[in-house]
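Q: need a structure here:
(one chain, ligands or ions: 2)
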Amino acid sequence: MKETFRISSKTVSCYFDEAFSQLKNLFSDVKIIYVTDENVFRQHADKFQSEKVIVIKAGETFKQQPTVDNIVERLIALKADRQTLLVGVGGGVVTDITGYAASIYMRGVRFGFVPTTILAMVDAAIGGKNGVDVGIYKNLVGCIRQPEFLLYDYTFLQTLPKEEWINGFAEIIKHAAIKDADLFAALQQNRIEDYTSSGKALDELIQQNVKIKMTVVAEDEFEKCDRKLLNFGHTLGHAIENSYLLPHGSAISVGMVAAAVLSQQVNNLPAEDADALQQLLQQYHLPVYQNVEADKIWQVLLMDKKKLGDDIQFILLDQIGKAKVMSLSTAALKLFFDDYFKSGKAVTA
Ligand code: NAD
Ligand code: ZN
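A: Ligands and ions are numbered 1, 2, ... in the order given. Got it, this is the predicted structure:
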């Protein structure tokens, strides 16, 4: 099924539940070069056959400029020109890096994505943020440029490890918590296995989440207002992720629960909504609390990109399905953090 989304002057086509092999027919008039990582390539070699493929090393550690330089060198060797279509096939690391390489090669060639993790399907591949990390600084260098298409071939997910499914569901629950109370209720009725085992349920879920993120991005491509809501759970999440080497989904799960407790205190979020969020995250096997050194987290948080002067912009919930951006003073936030983490009692996992 094809659906198109308009983002500024660009149309992004989404092909849901489509075979990867169809790409050649959809773009029969151009030369396609694929970029993937070694895990995806090894486990889905049959899908690539005799295509031109650039295989990068897997993992966040390789989302760095030298990998982009290698891709550029391979593109030159493969005689890629302005008519070439670059297709990133993989998780968020591959899609972020492919979008970036495509944006700078010959000052920009066409590109599209075949996301192969849940996280990339509902989040990373959508919205046009492309880039790389610089040392420890995540996504420090990059650009915003929309892909031409996203193709969803769910057969890639047959090899996705369970922990990566769980990671992706953290972003799905985030979408529901900030934008869609009905989706939240549907998730409450189900278990992760209901989606891993049913093609139809999964396709529906992915489509709903693509629509949520595309709509937010279409209204605010350059993150001036509503797009900030997608950072729910991420300010604290990123600080924990980097300091305690947690998977991204686990870190933002802990961050969302903390943000919900804070929302109760400063934004009148009903206690039952905060509890419901915590329960739903646990239902999808996500952690809801992490013992951390409050001071260590605080230092990382102060360096967060979202700090503005003396205030920190924080995403808080009004209720399940509705969120807002609130500027909180660093002093007030510090008090909350000290209490929340030092007591270690705010939430019991
Ligand atoms: P990832 O790309 O590292 O994939 C996770 C792991 O799964 C990797 O080891 C990968 O090789 C493997 N894998 C991928 N597909 C597979 C499959 N079908 N079968 C078996 N193994 C498979 O990470 P991710 O979780 O997909 O994405 C995280 C990245 O996305 C981060 O770099 C993050 O910054 C980025 N991101 C970007 C945006 C954005 O707006 N651009 C949004 C969210 C996240
Ligand atoms: Zn995230």
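Q: use CA for all of it now, contacts and neighbours both
A: OK.
Q: okay, residue 344: pLDDT?
A: Each residue has a pLDDT score; the one for residue 344 is 62.
Q: and the stretch 1-150 of the chain, which residues reach ligand 1?
A: 37, 39-40, 58-60, 90-94, 96, 116-117, 119-120, 123-125, 127, 129-130 (Cα under 6 Å from any ligand atom).
Q: which sections of the stretch 101-250 of the chain are below the confidence cut-off?
A: Along the stretch 101-250 of the chain, segments meeting pLDDT under 70 are nowhere present.
Q: And the helices in it?
A: 118-119, 162-179, 181-189, 192-197, 199-219, 234-244, 248-267 (DSSP state H, counting those that start in this stretch).
Q: Now tabulate the ones you listed in a markdown table and tack on mean neighbour count.
A: Listed next are the helices of the stretch 101-250 of the chain as a markdown table, based on neighbours: other Cα atoms under 10 Å:
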| stretch | mean neighbour count |
| --- | --- |
| helix 118-119 | 24 |
| helix 162-179 | 22 |
| helix 181-189 | 16 |
| helix 192-197 | 14 |
| helix 199-219 | 18 |
| helix 234-244 | 22 |
| helix 248-267 | 24 |
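Q: which ones are touching residue 2?
A: 13-16 (Cα atoms under 8 Å, 6 or more residues apart in numbering).
Q: one step back: need the helices of the stretch 101-250 of the chain in a markdown table (columns: distance to residue 225).
A: Formatted as a markdown table, those follow (distance: least, Cα to Cα, whole Å):
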| stretch | distance to residue 225 |
| --- | --- |
| helix 118-119 | 23 |
| helix 162-179 | 14 |
| helix 181-189 | 21 |
| helix 192-197 | 32 |
| helix 199-219 | 9 |
| helix 234-244 | 16 |
| helix 248-267 | 18 |
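Q: nearest to residue 108, of those?
A: When the helices of the stretch 101-250 of the chain are compared by Cα to Cα, helix 199-219 sits nearest residue 108, at 21.2 Å.
Q: Quick one: list the elements packing against that closest one.
A: Helices and strands touching helix 199-219, by 3 or more Cα pairs under 8 Å, 6 or more residues apart in numbering; DSSP states H and E, are strand 2-7, helix 162-179, helix 192-197.
Q: of these, which approaches residue 212 most closely?
A: That would be helix 162-179 among these, by Cα to Cα, at 7.0 Å.
Q: What parts of the stretch 151-300 of the chain come near ligand 1?
A: 156-157, 159-160.
Q: Looking at those residues, state which has the most neighbours.
A: Neighbour counts for these, by other Cα atoms under 10 Å, peak at residue 156, which reaches 20 neighbours.
Q: ok, that one - contacts?
A: Residue 156 neighbours (Cα under 8 Å, 6+ apart): 44, 116.
Q: mind redoing it with 7 Å?
A: Residue 156 makes contact with residue 116, according to Cα atoms under 7 Å, 6 or more residues apart in numbering.
Q: Now render the helices and strands packed on helix 199-219 as TSV, adding distance to residue 211.
A: Output for the helices and strands packed on helix 199-219, formatted as TSV (distance: least, Cα to Cα, whole Å):
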stretch	distance to residue 211
strand 2-7	9
helix 162-179	10
helix 192-197	18
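Q: Could you report the neighbour count for the residue nearest to residue 60 when sequence neighbours are not counted?
A: Leaving out its chain neighbours, the residue that sits closest to residue 60 by Cα to Cα, 6 or more residues apart in numbering is residue 93, at 6.3 Å. The number of residues packed near residue 93 is 26, by other Cα under 10 Å.
Q: Residue 40 now?
A: So residue 40, with other Cα under 10 Å, has 18 neighbours.
Q: Check residue 84 too.
A: For residue 84, using other Cα under 10 Å, the count is 18.
Q: Right, I'll leave it there.
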